[in-house]
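Novice: Below are the sequence and a predicted model; questions follow.
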Amino acid sequence: MIVVALVVFYASRSLFQGLLLTLEHHIPCLLGALRAGSMGNSCVCRDDSGAEDNVESRRWQTENSRVPVPEARSHPRDPVRPPRRGRGPHEPRRKKQNVDGLVLDTLAVIRTLVDNDQEPPYSMITLHEMAETDEGWLEVVQSLIRVIPLEDPLGPAVITLLLDECPLPTKDALQRLTEILNLSGAAACQDACHPARHRNTTAVLGCLAEKLAGPASIGLLSPGILEYLLQSLNFQSHPTVMLFALIALEKFAQTSENKMTVSQSCISDQLILLEKWADNPDYLKRQVGFCAQWSLDNLFLKEGRQFTYEKVDLTSIRAMLNSNDVSEYLKISPHGLEARCDASSFESVRCTFCVDSGVWYYEVTVITSGVMQIGWATRDSKFLNHEGYGIGDDEYSCAYDGCRQLIWYNARSKPHSHPCWKEGDTIGFLLDLHEKQMIFYLNGNQLPAEKQVFSSAIYTFIFAYLKPSLSKFPN
């Protein structure tokens, strides 16, 4: 018996961006047995009798780009991270080049790195070698802050990728970075009309807070840096700066002493104001609202505030993200319609709804344009967050990647003819269990049917979402 759940999301590593998913429900009678859960969206389904569909739209978040076709792989794939490669025993150290140029070169090619067997780009190898010394590491970090453009949705991913692959900074290097940046509440108000530097600074701080542990993280959260991050949450800041400042504070709070320090700063008072953006039509503000609400429910509690999950109305929700079938670092909203991952690992969640026959369809409205894979999977499909397995990475799943314009199946990719998705685009996913085919749509324009997954998938199809993103399935 084939059991089909509705959606499979696969978001790329450390994009720290949100996606908003909207499932639509066709032929409500097929979903009558579906129970409401903590989060969800109604799915679009169709009776195989050919009855007419009733459609009701919903939305969700993500990010953008194009890529060549890689060959088959024998290892788990990381959709953003290339394999790390050091110098051979007889290979000379690469000549030092302009650091800014190397960072921008890495940003330019990052979308093409889809296979673990690919050679890392020269720019990335050179940056890794430079970062082996304190001086080189400081140059790389300052360049990331200085040159990554605000408008590139993969900018934060490159910051995370490079910092995560570089050697851990020494205590002296961290101290010198703190002195160089000279952050304070007043610094957060400077150059407000040029937010790229502030966004990159907060992204770097968040990466370092996650990468470091214990005393190193505590030492990094100096009074000046804390003031800088808190001031960046004010409404005068650009929303993307607010978003990454809040994410950085969440990362620092992974250390209990830092969590207490941040909580004592009365951050919850500001988060109360920001959570009102959770349903804002502006996609960027919506991400800030989601993170603020999640932090209030899970990290920085406000005395006297009712938890969101205690007051959310689930009576009209037919399908949702399954909070009992989710990996460890995924943020899920109280109504089960949104999910976000700001961790550097690959996080997944499955849907609560399954079917065993008929024709099924759901839609996703992308709110950001970054790397993500969305599609269908069976229960046999592997979702291993620390090993890079997600939708499209085995023979039991198939996924659409609108950022790099690829279809994924069994860890192999092939290009599709759709343009790169962008904020507000609607992605459709049709599963026909009688004809044994899947069809992907972008704003109503369909691709040729995909059938290869049915050669292996003779049992269960699943909905899942994998890492770094925000998802919403409005009712």
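Specialist: Arrived safely. Numbers count the residues shown, from 1 in each chain.

Novice: Helix or strand, whichever it is, which one in this structure has the lowest mean pLDDT?
Specialist: strand 44-46 (a mean of 31; mean pLDDT, DSSP states H and E).

Novice: In a strand, residue 373, correct?
Specialist: Yes. The assignment for residue 373 (DSSP: H, G, I helix; E, B strand; the rest coil) places it in a strand.

Novice: Could you check how many residues crowd around residue 386?
Specialist: Number of residues near residue 386 (other CB atoms under 10 Å) recorded here: 11. All C-beta atoms are positioned from the backbone trio N, CA, C, and that covers glycine.

Novice: If we ignore the residues flanking it in sequence, what's nearest it?
Specialist: Spatial nearest neighbour of residue 386, chain neighbours left out: residue 345 (5.6 Å); criterion: CB to CB, 6 or more residues apart in numbering.

Novice: Distance-wise, check that neighbour relative to residue 332.
Specialist: Going from residue 345 to residue 332 by CB to CB, to the nearest Å gives 16 Å.

Novice: the more surrounded of these two?
Specialist: residue 332 (23 against 19).

Novice: Just say helix, strand or coil for the spatially closest residue to that one that is not a sequence neighbour.
Specialist: Nearest non-adjacent residue to residue 332, counting by CB to CB, 6+ apart: residue 339, 4.9 Å away. At residue 339 the chain is in strand, as set by three-state DSSP.

Novice: burial measure for residue 339, as a count.
Specialist: 33.

Novice: Please apply the same query to the one 5 residues further on.
Specialist: The criterion is other CB under 10 Å. On that basis, residue 344 has 22 neighbouring residues.

Novice: where does this structure dip in pLDDT?
Specialist: 1-97, 115-117, 457-475 (pLDDT under 70).

Novice: in it, which spans are helices?
Specialist: Remark: helices assigned in the chain by DSSP state H are 99-109, 122-130, 134-147, 155-165, 171-181, 185-189, 196-211, 215-220, 223-231, 239-252, 256-263, 267-274, 283-298, 308-311.

Novice: Now render those helices as CSV, adding distance to residue 363.
Specialist: Converted to CSV, these look like this (distance: least, CB to CB, whole Å):
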stretch, distance to residue 363
helix 99-109, 31
helix 122-130, 36
helix 134-147, 36
helix 155-165, 26
helix 171-181, 43
helix 185-189, 39
helix 196-211, 30
helix 215-220, 41
helix 223-231, 37
helix 239-252, 25
helix 256-263, 38
helix 267-274, 28
helix 283-298, 16
helix 308-311, 25
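
Novice: want to try CSV for those helices, with distance to residue 456 and mean neighbour count as columns?
Specialist: Below are the helices of the chain laid out as CSV (distance: least, CB to CB, whole Å; neighbours: other CB atoms under 10 Å):
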stretch, distance to residue 456, mean neighbour count
helix 99-109, 33, 19
helix 122-130, 35, 21
helix 134-147, 42, 19
helix 155-165, 31, 24
helix 171-181, 49, 15
helix 185-189, 53, 17
helix 196-211, 36, 24
helix 215-220, 44, 16
helix 223-231, 48, 20
helix 239-252, 38, 26
helix 256-263, 45, 16
helix 267-274, 45, 18
helix 283-298, 36, 23
helix 308-311, 38, 12
